[in-house]
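Peer 1: got a predicted model here, sequence first, then my questions.
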Amino acid sequence: MSGTNQRIDARRLWDSLMGMAEIGATPKGGVKRLTLTEVDKAGRQRFTEWCEALGLTVRVDAIGNMFARREGRDPSRKPVLMGSHLDSQPSGGKFDGALGVIAGLEVMRTLHDLNITTEAPIELVNWTDEEGSRFGHSLMGSGAWAGIYSLEKVYGLQDVDGVSVSEALDSIGYKGEHPARPFPADAYFELHIEQGPILEREGRQIGVVTGAQAQVWYDAVITGQDAHAGTTPPSARRDALVAAARVIERVDALMRERGEDGRGTVGQLHVLPNSRNVVPGEVRFSIEFRHPDDAQIEGLAASFPAEAKALAEANGCALELKELFRIPMQPFDAGCVDLVRQGAARLGYSTREIVSGAGHDAVYVARSVPTAMIFTPCKDGLSHNEAESILPEEAEAGCQVLFEAVVARANRAL
């Protein structure tokens, strides 16, 4: 079935995006919808109301993931999934995550309007806590569902106020009765803003995402010695911040040695005692590397810890480096990716094949279910920022390609 004469309602899509953005709206035009808060609960309730108005059945699993089901003609067929997340960063934008969920809702609304019954059921997913900004563990809902993290471990995670995930789920009433584990599904499609500048820079309307890059993340602690800034000569200094600066400089150099595909970032830095006239005795910071080639990340993971340790020791300090996790490059399913490619071509949209630089729920879902992603451009590549912005026609294009791919998959001949 070709969907070229089956158009989503672009105005309704945009109005719904703006309607969801009202929940947790910030003065600078972004959103603050931290996971498992009362604001998140309000977003979930609006999502549920919109889904139930279409006759969709909404179920919630034990980690709070939400699944809105539209039945197909053949009840024996596995469902086609689509979705993303509704939680945000503390100073997030209107479109990160929400675009994928609301576009999926628009696909459901369009099928309802056109009275189309697909062969396979379709389910729209809102994954819990993709951002990781409250409990420090990104991709939490999809990771628990996919079996990457045990439910017990996730339940025990706490926010800065000591509230656990388990307590937060109970407090907003979203610890569901369904088990948080993979169920038989035919495919998963996720629409997302690129969160980078490539599509906009090249003037392409749709990113055909072939996979997500490999990553390794660390927590680093460099220990030196607090000392008086005015009385401690260079020969007696064990300046933890200087040592950290040397390591950070090396992170940047290792990134740049790998060209435009390299990624190396220190995004958090805590200096102790953080006093103007004290030589810093301890610095805690984050380190992460990303690259589309597994071998590059494996090479960095093998060599960087010793390099960083030597840099710290050369400055009279000690380094404790803890590897938090290592994610291999996750290729997406060739058949699902091809449906995205075909849908965009049918609609006449310009495309570019792209590897996701960010982690998404799709990365963990892909371990259990054939998966593909669709990217739309975003202004200046800016995301995780209240100024995050896309155009209505960009949202429309992404949603229309999502419609094409999902419907084609749900109606495929078995």
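Peer 2: Right, received. Where do you want to start?
Peer 1: can we go C-alpha only for contacts and neighbour counts from here?
Peer 2: Fine.
Peer 1: what about the strands in the stretch 251-400 of the chain?
Peer 2: In the stretch 251-400 of the chain, the strands defined using DSSP state E, counting those that start in this stretch lie at 263-265, 269-272, 278-279, 282-291, 318-327, 330-331, 351-356, 371-376.
Peer 1: want to throw the ones you listed into TSV with mean pLDDT, distance to Asp252 and mean neighbour count?
Peer 2: Below are the strands of the stretch 251-400 of the chain laid out as TSV (pLDDT from 0 to 100; distance: least, Cα to Cα, whole Å; neighbours: other Cα atoms under 10 Å):
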stretch	mean pLDDT	distance to Asp252	mean neighbour count
strand 263-265	97	6	19
strand 269-272	97	15	15
strand 278-279	98	24	21
strand 282-291	97	10	22
strand 318-327	93	17	16
strand 330-331	92	24	20
strand 351-356	95	20	20
strand 371-376	98	27	28
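Peer 1: between these, which gets nearest to Ala168?
Peer 2: Nearest of the strands of the stretch 251-400 of the chain to Ala168, taken as Cα to Cα: strand 318-327 at 23.8 Å.
Peer 1: quick check: angle from the closest one to strand 282-291?
Peer 2: 30 degrees (axes from the mean of the first three to the mean of the last three Cα atoms, to 10 degrees).
Peer 1: re the thing from before, for Phe67, which of the strands of the stretch 251-400 of the chain is the nearest?
Peer 2: Using Cα to Cα, the strands of the stretch 251-400 of the chain put strand 371-376 closest to Phe67, at 16.7 Å.
Peer 1: send over that closest one as CSV, restricted to the C-alpha atoms.
Peer 2: C-alpha atoms of strand 371-376 as CSV (Å, rounded to 0.1, in the frame of the first residue of the first chain):
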residue,chain,number,x,y,z
THR,A,371,14.6,-1.3,14.6
ALA,A,372,15.1,1.9,12.5
MET,A,373,15.2,5.6,13.2
ILE,A,374,14.2,8.7,11.3
PHE,A,375,15.9,12.1,11.9
THR,A,376,14.6,15.6,11.1
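Peer 1: for the strands of the stretch 251-400 of the chain, give me JSON lines that also has distance to Gly30.
Peer 2: Output for the strands of the stretch 251-400 of the chain, formatted as JSON lines (distance: least, Cα to Cα, whole Å):
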{"stretch": "strand 263-265", "distance to Gly30": "24"}
{"stretch": "strand 269-272", "distance to Gly30": "25"}
{"stretch": "strand 278-279", "distance to Gly30": "38"}
{"stretch": "strand 282-291", "distance to Gly30": "26"}
{"stretch": "strand 318-327", "distance to Gly30": "30"}
{"stretch": "strand 330-331", "distance to Gly30": "30"}
{"stretch": "strand 351-356", "distance to Gly30": "23"}
{"stretch": "strand 371-376", "distance to Gly30": "18"}
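Peer 1: break this protein down into its domains, please.
Peer 2: If you go by the TED database, the domain ranges for the chain are 10-213+329-411, 214-327.
Peer 1: ok, Ile172 touching Lys41?
Peer 2: Yes - using Cα atoms under 8 Å, Ile172 makes contact with Lys41 at a distance of 6.1 Å.
Peer 1: which of the domains of the chain sits most buried?
Peer 2: Of the domains of the chain, the one with the most neighbours on average (mean count of other Cα atoms under 10 Å) is domain 10-213+329-411, at a mean of 21.
Peer 1: what about the helices in the stretch 151-300 of the chain?
Peer 2: For the stretch 151-300 of the chain, the helices defined by DSSP state H, counting those that start in this stretch cover 151-156, 165-172, 198-202, 240-257, 294-314.
Peer 1: turn the ones you listed into a markdown table, columns for mean pLDDT and distance to Ile63.
Peer 2: What follows is the helices of the stretch 151-300 of the chain, written out as a markdown table (pLDDT from 0 to 100; distance: least, Cα to Cα, whole Å):
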| stretch | mean pLDDT | distance to Ile63 |
| --- | --- | --- |
| helix 151-156 | 96 | 8 |
| helix 165-172 | 98 | 7 |
| helix 198-202 | 96 | 34 |
| helix 240-257 | 98 | 35 |
| helix 294-314 | 98 | 30 |
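Peer 1: out of these, which gets nearest to Ala180?
Peer 2: Closest among the helices of the stretch 151-300 of the chain, using Cα to Cα: helix 151-156, at 7.8 Å.
Peer 1: element containing Leu81?
Peer 2: In the assignment (DSSP states H and E), Leu81 maps to strand 80-85.
Peer 1: partners of that strand, with directions?
Peer 2: Sheet pairing of strand 80-85 (DSSP bridges) gives strand 122-127 (parallel), strand 187-193 (parallel).
Peer 1: okay, and the beta partners of the spatially closest residue to Cys336 that is not a sequence neighbour?
Peer 2: When the adjacent residues along the chain are set aside, Cys336 lies closest to Ala372, with 5.4 Å between them (Cα to Cα, 6 or more residues apart in numbering). Counting by DSSP bridges, Ala372 is bridged to Phe189.
Peer 1: I'd guessed Ala372 sits against Asp186; true?
Peer 2: No - Ala372 is not in contact with Asp186 according to Cα under 8 Å; the separation is 11.9 Å.
Peer 1: so who does Arg46 touch?
Peer 2: Arg46 makes contact with Met20 under the criterion Cα atoms under 8 Å, 6 or more residues apart in numbering.
Peer 1: following element in sequence after the helix or strand hosting it, please.
Peer 2: Element membership of Arg46 [criterion: DSSP H and E] is helix 38-53. Note on helix 38-53: by DSSP H and E, the next helix or strand toward the C-terminus is strand 57-60.
Peer 1: can you list the residues that contact that next one?
Peer 2: Residues outside strand 57-60 that contact it (Cα under 8 Å, 6+ apart): 48, 51-52, 66-70, 174-178.
Peer 1: sitting in strands, which of these do you find?
Peer 2: Met66, Phe67, Ala68, Arg69, Arg70 (DSSP state E).
Peer 1: which two among those are spaced furthest apart?
Peer 2: Farthest pair in the ones in strands among the contacts of strand 57-60 (Cα to Cα) is Met66 and Arg70. Separation: 13.4 Å.
Peer 1: quick check, central residue of the chain?
Peer 2: By Cα atoms, centre = their mean, the chain has its centre lying nearest to His360, at 3.4 Å.
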